[in-house]
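Novice: Sharing a model prediction with you, sequence too.
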Amino acid sequence: MTVPLMGLMQDWPLTVDRVIDHAAKIHPSREIVTRRTDGQIYRTTYAALRDRARRVSAALAGLGVGQGDRLATLAWNGERHMECWYGAMGIGAVVHTLNPRLHPDQIAWIAGHARSRVLVLDTTFVDLVAMLRDRLPFEHYIVIADRADMPDAPWAMCYEDWLAQAGEAPPWGCFDENAACGLCYTSGTTGDPKGVLYSHRSNVLHAMLATSVGGLAIGPDEVVMPIVPMFHANAWGLVFACPMAGAKVVLPGGQLDGASVYELLESERVTFSAGVPTVWLGLLQHLRDNGLALHYLKRMVVGGAALPEAILSAFEDDYGVEVIHAWGMTETSPLGTVGWLSTAERALPTPERRRLQLKQGRPPFGVELKLVAEDGTELAWDGKTSGRLLIRGFAISGAYFNGPGAEILDPQGFFDTGDVATIDAQGTVQITDRAKDVIKSGGEWISSIAIENLALSHPAVANAAAVSVPHPKWDERPVLVVETKAGARVCAEELSAWLDGHIARWWMPDAYVFVDRIPLGPTGKTDKRALRETLARPE
């Protein structure tokens, strides 16, 4: 048997502590700007954040937290949240982000399931935690605040006092790159939330993917504002990618309304930002209502839900911002595909180019895709055949934490995303629906996303959701739920005429329901389960 010739390169573990060490040494004065919970702007640098993260490590060690222990956070995007990440991860502890937008019962369930020992929380969430304390597993509670700003919470420590009392920091690293690093739970829209346990290696490689030109192209000259929260799939990896690249970071806290987002975009000269469509719709409305311009923003990534054409055309045509569609999920770290266009595609006539931009893009290196039928048969990449989208790669979940094991993968190691999609010959993905949201009428699939995007292009529509309702003959039929813009009016007949001719006749909604507000889930996506339950209730 032939013995393979092994390489003679250094063994350099890919652990997250090396990312902030690099940033502090090579980009020490690059700024990190935060809008804190009191609305004040706070500025620090990578060098200072690294020093503070070391103090977090020491403070955690003082509580007996070490490798494999879970540190839970319930906090907005801010510099002290960020230093907690690096301080915990540096000593091999696992940062477990809790999503405050979940129902309190889900928060309590997730905290118990993760068995986290310590909770670090923003002042915003003190009342929520106080209400849940008898259902939470934490041994210690630490509120992110100065002594002067500490709320009335006798059961909690003040963050700054906690750091001030810390001893000597333990060494960073010294563990396997495959050790657990972060824990993030799915939103639990189809059952109990599931824990996705990221490794140091997967986080570092995913950050490298994000900095690459085929990823998000984050470089040292960028000013990046992650609007997507740190509790939503690692803020799409930007909290690791930005210090890796040396980019300036602007952390907006919890104020994500159009006016607040615009203020930071302009005052900090943000060049790149990332968020879900609902945030961009709020910014767009603020820009239009006030006759404003975007002077510095060059690129924005839209993910978490389908990109409405209204957002794409408005930001590119009216404000000169390049809009990039991306797709992923908690289990994919989250970048699965990115909607970069080739030189030839950029030269296409606008209607053809836009059709490509509305798709979810291609997988970057490190991601492999497969399209299968319900029976598992692999389907063609012809841009027409729909099937279930499967994925594998270096930053894709292989099992859930403290739950189902390797049975979440098929025999070739692919994970079923739960999305229905087409893939064309160039590898461009178009998500046509979530498997749980697809409308099956008369044995044929109807794309709820296609109906919604057309409805959102109507000038009076603020948000729209196509959902299925039972039908005695066709099994299911689509109903379009519509939220109109403030002061705008539109009727069912007008919307029907707007859609007619742009989709197949049998795709046309059977009814139109107008609501004051379409419910959103904990990650900013439309809560279709809540809508279906509402529509199923008798009048």
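Specialist: Perfect, thanks for sending it. Fair warning: this is a prediction, and the values are worked out from it, not measured in the lab.

Novice: Run through the strands of the stretch 1-150 of the chain in chain order.
Specialist: With DSSP state E, counting those that start in this stretch as the criterion, the stretch 1-150 of the chain has strands at 31-35, 41-45, 70-74, 94-97, 118-122, 140-144.

Novice: Reformat the ones you listed as CSV; add mean pLDDT.
Specialist: Shown next, in CSV, are the strands of the stretch 1-150 of the chain (pLDDT from 0 to 100):
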stretch, mean pLDDT
strand 31-35, 98
strand 41-45, 98
strand 70-74, 98
strand 94-97, 98
strand 118-122, 98
strand 140-144, 98
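
Novice: can you give me the helices for the stretch 351-500 of the chain?
Specialist: For the stretch 351-500 of the chain, the helices defined by DSSP state H, counting those that start in this stretch cover 448-456, 492-499.

Novice: and the angle from the longest one to helix 492-499?
Specialist: Looking back up the chat, that one is helix 448-456. 110 degrees (axes from the mean of the first three to the mean of the last three C-alpha atoms, to 10 degrees).

Novice: So what touches helix 448-456?
Specialist: Identification of contacts with helix 448-456 by C-beta atoms under 8 Å, 6 or more residues apart in numbering yields 306, 308-310, 358, 431-433, 437-439, 461, 463-468, 478, 480, 482, 495, 498-499, 502-503, 507, 509, 528. C-beta: built from backbone N, CA, C; applies to glycine.

Novice: likewise the last one?
Specialist: With contacts defined as C-beta under 8 Å, 6+ apart, helix 492-499 is touched by 451, 454-455, 457-458, 461, 480, 482, 508-509, 511-512.

Novice: Neighbours of the closest residue to residue 29 other than its chain neighbours, how many?
Specialist: Excluding the flanking residues, the one nearest residue 29 by C-beta to C-beta, 6 or more residues apart in numbering is residue 45, at 5.2 Å. Per other C-beta atoms under 10 Å, the neighbour tally for residue 45 reads 18.

Novice: which residues touch residue 45?
Specialist: So residue 45 contacts 28-32 (C-beta under 8 Å, 6+ apart).

Novice: Check the helices of the stretch 351-500 of the chain for me: which has the lowest mean pLDDT.
Specialist: Across those, helix 448-456 has the smallest mean pLDDT, namely a mean of 85.

Novice: tell me how far that helix is from the chain's mean position?
Specialist: Mean-position distance between helix 448-456 and its chain equals 22 Å (C-alpha atoms, centre = their mean, to the nearest Å).

Novice: Check stretch 488-501 too.
Specialist: Here stretch 488-501 is found 32 Å from its chain centre; the criterion is C-alpha atoms, centre = their mean.

Novice: that older thread, list just the one of the strands of the stretch 1-150 of the chain that sits closest to residue 220.
Specialist: For residue 220, the closest of the strands of the stretch 1-150 of the chain is strand 31-35, at 12.3 Å, according to C-beta to C-beta.

Novice: Give me the angle between that closest one and strand 41-45.
Specialist: Here strand 31-35 runs at an angle of 160 degrees relative to strand 41-45 (the same axes, to 10 degrees).

Novice: Does anything pack onto strand 31-35? Which helices or strands?
Specialist: Secondary-structure packing of strand 31-35 (3 or more C-beta pairs under 8 Å, 6 or more residues apart in numbering; DSSP states H and E): strand 41-45, helix 79-90, strand 248-251, helix 258-267.
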